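Asks: my questions are about this predicted structure, shown below with the sequence.
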Amino acid sequence: MSWIAKEMKYPEQTRKNKTQGRCIATFVVNTEGYIENLVIETEPGDGTGNEVLRILSKMNMQKKDGFRKKNGKNVAAFMTLPVNFG
């Protein structure tokens with residue numbers, strides 16, 4: 001998760017309004033390692049959800065490794081990611 005913290009840029013509105021809270025994203029990592037079905041379930045507002053979408057979209061461009069495996073084959077995995085602001 002340190003990559004996410006490194007890449008995160010607080011939205012100007014979030015900083016201005018001192019918005020704090022947790023953004024929850026859910027998604028599927030498919031068998032090729034790409035993120036699909038990305039949904040922001042909850043967010044404190046002021047652009048926090050859009051920032052999490054930006055980071056996770058950027059993650060799709062990263063090297064793919066560490067797949068979930070079952071019986072030696074890659075399998076899709078449902079993920080829930082909390083991201084704290086504040």
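Replies: Arrived safely.
Asks: every contact and neighbour count from this point should use C-alpha atoms.
Replies: OK.
Asks: quick one, what contacts the nearest residue to residue 56 once chain neighbours are set aside?
Replies: Leaving aside its sequence neighbours, residue 56 sits nearest to residue 35 (Cα to Cα, 6 or more residues apart in numbering; 7.7 Å). Contact analysis of residue 35 by Cα atoms under 8 Å, 6 or more residues apart in numbering lists 27-29, 56-57, 60.
Asks: mind putting the residues you listed in TSV, neighbour count and pLDDT included?
Replies: Shown next, in TSV, are these (neighbours: other Cα atoms under 10 Å; pLDDT from 0 to 100):
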residue	neighbour count	pLDDT
27	18	94
28	17	93
29	19	89
56	18	91
57	15	90
60	14	78
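Asks: need those residues in a markdown table (columns: secondary structure and distance to residue 16).
Replies: Putting those into a markdown table (DSSP: H, G, I helix; E, B strand; the rest coil; distance: Cα to Cα, whole Å) gives the following:
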| residue | secondary structure | distance to residue 16 |
| --- | --- | --- |
| 27 | strand | 29 |
| 28 | strand | 33 |
| 29 | strand | 34 |
| 56 | helix | 24 |
| 57 | helix | 25 |
| 60 | coil | 29 |
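Asks: thinking again about what came up before, how close does the residue nearest to residue 56 get to residue 11?
Replies: Here the criterion is Cα to Cα, to the nearest Å. By it, residue 35 lies 23 Å from residue 11.
Asks: report the helix or strand with the lowest average pLDDT across the chain.
Replies: The weakest-scoring helix or strand in the chain, judged by mean pLDDT, DSSP states H and E, is strand 68-70 (a mean of 80).
Asks: direction included, what does that one pair against?
Replies: Applying DSSP bridges, strand 68-70 is found paired with strand 73-75 (antiparallel).
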